[in-house]
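[1] I would like to see how this sequence folds:
(one chain, ligands or ions: 1)
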Amino acid sequence: MSDHPSRVLVLNSGSSSVKYQLFDMTDHSRLAAGLVERIGEKGARLTHTRADGERREVTDAPLPDHAAALKAAARELAADGYGLDDPGLAAIGHRVVHGGKRFTEPTVIDDAVIAEIERLVPVAPLHNPANLTGIRTALELNPRVPQVAVFDTAFHTTMPEHAARYALDIATADAHRVRRYGFHGTSHAYVSRRTAELLGKDVADVNVIVLHLGNGASASAVAGGRCVDTSMGLTPLEGLVMGTRSGDIDPAVIFHLSRVAGMSVDEIDDLLNKRSGLVGLCGDNDLREITRRMAEGDEAARLAFDIYTYRLKKYIGAYYAVLGRVDAIAFTAGVGENAANVRAAAVEGLVGFGVVVDEKLNTTPGGEPRFISPQYASVAVAVVPTDEELEIATQAFALVSP
Ligand code: ADP
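    Now for the predicted structure:
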């Protein structure tokens, strides 16, 4: 064993929850994982899972804020022998949603970095404040260990200007930092690299379309390891149909709803972000439930599925054109990894593009990266499970390792 500190704690602080995972970076193993939910609410709860699968629940501790939540998590980690002040801890990696144009790489956190993340709050009002709370609390708990911010937007900062800009009045756009930033970047980076490994090629030599389909969903076009386009924009609302978000719509829908339906900006924001997408179309956002309902002949569920997969196909076609040559299409996240029917429908009719899935391979479940296209196809279609936490740990560790 090396004497160097080799453990990395990854923190993902949301508005009312904190997720954490502790990694041993010598072999990338997960030493512990946990979730604190309903912070500041009644029924706050911490669930801590050890590497051997033993799970502990803490429901009686008062968890009024993120500081209390992180302290409770730190206590659980210490009980397993991994105190936050342990010299074996090499870094704490924080997921930060919005890094704007400036943060193109993982960054060691200092006062200037905190101030810049704070400055980006207007473009990420829901996420950055929660991320900052996590950072500040972790710094209080252990000011000595390096803390690293890993940004959801960073992987997309390589997008060329013609992909990153909207065709808006340029002075107005620049004055208010309106441009396409993209999100889920950590996942797109990880999955595009893993797809190249699966192909047995150097990431610099392959072009990949990554489809990250979770509750939020985004597509990216990755050329030689660099993102050249992605479907989310200024906020995560643009692009694909998602669990509760509309994805692309004519922006005039907003004026129309304001003028004709008398809805306020906040009401329309809520409509497009929380009451649209699959849930708005059929009342469910879980593909398992939608699939079950389709089998019973439910027409609303069928229409929601068709709109969801049609939008996916349009993005596959668009990114095929953007890349010129596609080596692989990689499906990832909850829907992408599990919903064979979504994968099949998204590529249906694309045989002329060299894109086909093999029904047997597609419907055989598995947890490892795998191909679902037949050998003869010129474009490989793959299922590549994402691991954003491991990617954050890897990037943070690379930055602080001697
Ligand atoms: P998040 O964006 O919250 O991280 P996930 O990546 O965990 O989301 O994806 C959650 C979604 O994955 C669920 O809403 C559901 O639609 C889908 N999903 C999960 N498991 C399955 C499955 N076995 N079959 C089909 N869909 C699934």
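[2] need the residues of this protein near the ligand, please.
    214-216, 243, 285-288, 333-335, 338-339 (Cβ under 6 Å from any ligand atom). For glycine as for every other residue, the C-beta is placed from the backbone atoms N, C-alpha and C.
[3] just the buried ones from those residues?
    Buried residues within the residues of the chain next to the ligand, counting neighbours by 16 or more other Cβ atoms under 10 Å: Gly214, Asn215, Gly216, Gly243, Asn285, Leu287, Ala333, Gly334, Val335, Asn338, Ala339.
[4] mind putting these into CSV with pLDDT?
    As requested, these are exported to CSV (pLDDT from 0 to 100):
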residue, pLDDT
Gly214, 95
Asn215, 92
Gly216, 94
Gly243, 96
Asn285, 95
Leu287, 97
Ala333, 96
Gly334, 95
Val335, 97
Asn338, 97
Ala339, 98
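[5] which of these fall within helices?
    Of the positions in those, Leu287, Ala333, Gly334, Val335, Asn338 sit in helices, assigned by DSSP state H.
[6] out of these, which comes closest to the ligand?
    The nearest member of those to the ligand, counting by Cβ to the nearest ligand atom, is Gly334 at 2.0 Å.
[7] wait, what's in contact with the closest residue to that closest one other than its chain neighbours?
    Counting by Cβ to Cβ, 6 or more residues apart in numbering, Gly214 is the residue found nearest to Gly334 once chain neighbours are left out, at 4.8 Å. The contact partners of Gly214, by Cβ atoms under 8 Å, 6 or more residues apart in numbering, come to Gly243, Ala333, Gly334, Val335, Gly336.
[8] now do Ala51
    So Ala51 contacts Ser29, Arg30, Leu31, Ala32 (Cβ under 8 Å, 6+ apart).
[9] swap the cut-off to 10 Å and go again
    Ala51 is in contact with Leu22, Asp24, Ser29, Arg30, Leu31, Ala32, Ala33, Asp80, counting by Cβ atoms under 10 Å, 6 or more residues apart in numbering.
[10] from the stretch 151-300 of the chain, which residue is nearest to the ligand?
    Residue nearest to the ligand within the stretch 151-300 of the chain: Gly214 (2.6 Å; Cβ to the nearest ligand atom).
[11] from Phe305, how far off is that residue?
    Using Cβ to Cβ, to the nearest Å, Gly214 is found at 17 Å from Phe305.
[12] now the phi/psi pair for the residue of the stretch 151-300 of the chain closest to the ligand, please.
    Note on Gly214: its backbone torsions stand at phi -110, psi -140 [degrees, to the nearest 10].
[13] and Ala380, by the same measure?
    Here Ala380 shows phi and psi, under degrees, to the nearest 10, equal to phi -80, psi 140.
[14] who's in contact with it?
    195, 198-199, 206, 208, 326-330, 354-355, 371-374 are the contacts of Ala380 under Cβ under 10 Å, 6+ apart.
[15] one more time with 7 Å
    The neighbours of Ala380, taking Cβ atoms under 7 Å, 6 or more residues apart in numbering as the test, are Leu199, Asp327, Ala328, Phe371, Ser373.
[16] put the buried members of these into a PyMOL selection.
    Selection of the buried residues among those in PyMOL, burial being defined by 16+ other Cβ under 10 Å:
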select buried, resi 199+327+328+371+373
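[17] now the contacts of Ala380 in TSV, with secondary structure and pLDDT?
    As requested, the contacts of Ala380 are exported to TSV (DSSP: H, G, I helix; E, B strand; the rest coil; pLDDT from 0 to 100):
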residue	secondary structure	pLDDT
Leu199	helix	98
Asp327	coil	98
Ala328	strand	98
Phe371	strand	98
Ser373	coil	98
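[18] where do the helices sit along the stretch 1-150 of the chain?
    66-79, 111-119, 128-141 (DSSP state H, counting those that start in this stretch).
[19] could you dump these to JSON lines with mean neighbour count and mean pLDDT?
    Converted to JSON lines, the helices of the stretch 1-150 of the chain look like this (neighbours: other Cβ atoms under 10 Å; pLDDT from 0 to 100):
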{"stretch": "helix 66-79", "mean neighbour count": "20", "mean pLDDT": "91"}
{"stretch": "helix 111-119", "mean neighbour count": "14", "mean pLDDT": "96"}
{"stretch": "helix 128-141", "mean neighbour count": "20", "mean pLDDT": "92"}
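[20] which one of the ones you listed lies closest to Val96?
    With Cβ to Cβ, the closest approach to Val96 among these belongs to helix 128-141: 4.6 Å.
[21] what helices and strands are in contact with that closest one?
    In terms of contacts (3 or more Cβ pairs under 7 Å, 6 or more residues apart in numbering; DSSP states H and E), helix 128-141 is packed against strand 7-13, helix 66-79, strand 89-96, helix 111-119, strand 147-151.
[22] including distance to Asp229, could those go into a markdown table?
    Output for the helices and strands packed on helix 128-141, formatted as a markdown table (distance: least, Cβ to Cβ, whole Å):
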| stretch | distance to Asp229 |
| --- | --- |
| strand 7-13 | 26 |
| helix 66-79 | 35 |
| strand 89-96 | 22 |
| helix 111-119 | 25 |
| strand 147-151 | 18 |
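[23] quick one, which of the ones you listed is nearest to Gly367?
    Going by Cβ to Cβ, the one of the helices and strands packed on helix 128-141 nearest Gly367 is strand 7-13, 20.3 Å.
[24] how about the secondary structure of Ala300?
    helix (DSSP: H, G, I helix; E, B strand; the rest coil).
[25] quick one: low-confidence parts of the stretch 51-200 of the chain?
    For the stretch 51-200 of the chain, no stretch is flagged by pLDDT under 70.
[26] circling back: in the residues of the chain next to the ligand, find the pair that's most separated.
    Maximum pairwise distance in the residues of the chain next to the ligand, criterion Cβ to Cβ, is 17.5 Å, between Gly216 and Arg288.
[27] and Val222, backbone torsions?
    Per-residue torsions, Val222: phi -120, psi 120 (degrees, to the nearest 10).
[28] name the nearest residue to it, ignoring sequence neighbours.
    Ser192 (4.2 Å).
[29] and that neighbour, how many residues sit next to it?
    Under the neighbour criterion other Cβ atoms under 10 Å, Ser192 is assigned a count of 28.
[30] now swap in Val265 and tell me
    As a burial measure, Val265 scores 10 neighbours (other Cβ under 10 Å).
[31] ok, now which ones touch the residue nearest to Val222?
    Contacts for Ser192 (Cβ under 7 Å, 6+ apart) come out as Val203, Val208, Val210, Val222, Gly225.
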